[in-house]
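Trainee: sequence and predicted structure are below.
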Amino acid sequence: MNSPAESGLPVDAAFLRRWLGAATEAVDREAAHLTELDSPIGDADHGGNMRRGFLAARTAVEQEPPDTPGGVLVLVGRTLISTVGGASGPLYGTLLRRAGKELGDERAVSAARLRDALRAGVDGVAQLGGALPGDKTMLDALLPALDALTGALDAGGSAAEALAAAAAAAGEGATATIPLRARKGRASYLGERSVGHQDPGATSAALLVTALADTARENAV
Ligand code: ADP
Ligand code: MG
């Protein structure tokens, strides 16, 4: 059922290296915007944190390219943990390391396997940060993305279609953080005053999922 060939997309090390390139470009391009979002409800460092982390991860992967998709995710996660100062470093690091470990040594996996691995990673974020849905964090983009990915794959959609649905859901999830009151992270110190601002971490999470969808779309053509 879930063989890479049937999913219409082999998720291999090369695929995730392309994702990393797209994600790094997106984070670099949007760094100023992410920092702007982190100004009213944080400490104005999210764009810089993400940019530093992803540039370092891209360099690490270029220097010693792992030959499995799990290896790429683990290396990116480890690099984020060691280079990103803020809360987002350990959280994104956990997301990707957990997902990578879940993929083990397989050289190519189906979109359904990638989804299961991402779910394990998102569970790791929830465990580490203790946030619940609606707490105005990166989870508010990641959880809807996972649900959309699952729904689209279960409905028989191709990997590219399912990842496009996930990206759309992540973007909507990020926008939907605007009216929420933050209950975790720095923004929670502001209480009611956090209402009316989009969460920077949910916004960067949507960029990362969108990079995955873009990579799959390019692969599918
Ligand atoms: P810091 O808050 O340490 O400055 P960043 O600015 O890099 O770190 O990242 C802030 C983002 O991290 C927030 O917008 C939010 O999405 C995410 N975040 C913070 N705390 C948590 C948590 N406990 N669980 C999930 N995400 C969190
Ligand atoms: Mg910050």
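Mentor: Structure's in. What do you need? Ligands and ions are numbered 1, 2, ... in the order given.

Trainee: Ala211 is in contact with Ala26, isn't it?
Mentor: Yes - taking contacts as CB atoms under 8 Å, Ala211 lies within contact range of Ala26: 5.3 Å. (Each C-beta comes from the backbone N, C-alpha and C, glycine too.)

Trainee: who's more crowded, those two?
Mentor: Summary of the neighbour comparison: Ala211 and Ala26, criterion other CB atoms under 10 Å, with Ala211 having more neighbours (23 against 19).

Trainee: residue contacts, Thr177?
Mentor: Applying CB atoms under 8 Å, 6 or more residues apart in numbering to Thr177 gives the contacts 136, 140-141, 198-199, 202.

Trainee: tell me the secondary structure at it.
Mentor: Reducing the assignment to helix, strand or coil with DSSP: H, G, I helix; E, B strand; the rest coil, the entry for Thr177 is coil.

Trainee: how about it: what's its closest non-neighbour residue?
Mentor: Excluding its sequence neighbours, the residue lying closest to Thr177 (CB to CB, 6 or more residues apart in numbering) is Asp199, at 4.0 Å.

Trainee: just the helices in the chain please.
Mentor: With DSSP state H as the criterion, the chain has helices at 4-7, 13-37, 46-63, 69-83, 88-103, 111-129, 139-154, 159-175, 200-220.

Trainee: ok so, going back, the residue nearest to Thr177 contacts Gly173, correct?
Mentor: No - contact status for Asp199 versus Gly173: not in contact, 9.5 Å apart, counting by CB under 8 Å.

Trainee: hey, what's in contact with both of the two?
Mentor: Asp140.

Trainee: which of the two has more residues huddled nearby?
Mentor: In this view Asp199 and Gly173 are compared by other CB under 10 Å, and Asp199 has more residues nearby, 32 against 26.

Trainee: contacting residues for the more buried one?
Mentor: Applying CB under 8 Å, 6+ apart to Asp199 gives the contacts 37, 41, 136-138, 140, 174, 177, 180, 182, 187.

Trainee: which non-adjacent residue is nearest whichever residue of the chain sits closest to ligand 2?
Mentor: Closest residue of the chain to ligand 2, CB to the ion: Gly42 (3.9 Å). Setting aside the residues directly before and after it, Gly42 is nearest to Arg186 in space (CB to CB, 6+ apart), at 4.7 Å.

Trainee: distance of that neighbour from Ala211?
Mentor: From Arg186 across to Ala211, the span is 25 Å (CB to CB, to the nearest Å).

Trainee: measure the residue nearest to Thr177 to Leu80 for me?
Mentor: Taken as CB to CB, the spacing of Asp199 relative to Leu80 amounts to 18 Å.

Trainee: tally of neighbours for Thr150?
Mentor: With neighbours defined by other CB under 10 Å, the count for Thr150 comes to 18.

Trainee: how close does it get to Val72?
Mentor: Distance from Thr150 to Val72, counting by CB to CB: 23 Å.

Trainee: need the residues of this structure near ligand 2, please.
Mentor: Contact residues (CB under 5 Å from the ion) of the chain with ligand 2: 38, 42-43, 45-46, 86.

Trainee: can you redo these as CSV with distance to Gly100 and pLDDT?
Mentor: As requested, the residues of the chain next to ligand 2 are exported to CSV (distance: CB to CB, whole Å; pLDDT from 0 to 100):
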residue, distance to Gly100, pLDDT
Asp38, 27, 96
Gly42, 28, 93
Asp43, 29, 94
Asp45, 26, 96
His46, 23, 97
Gly86, 21, 87
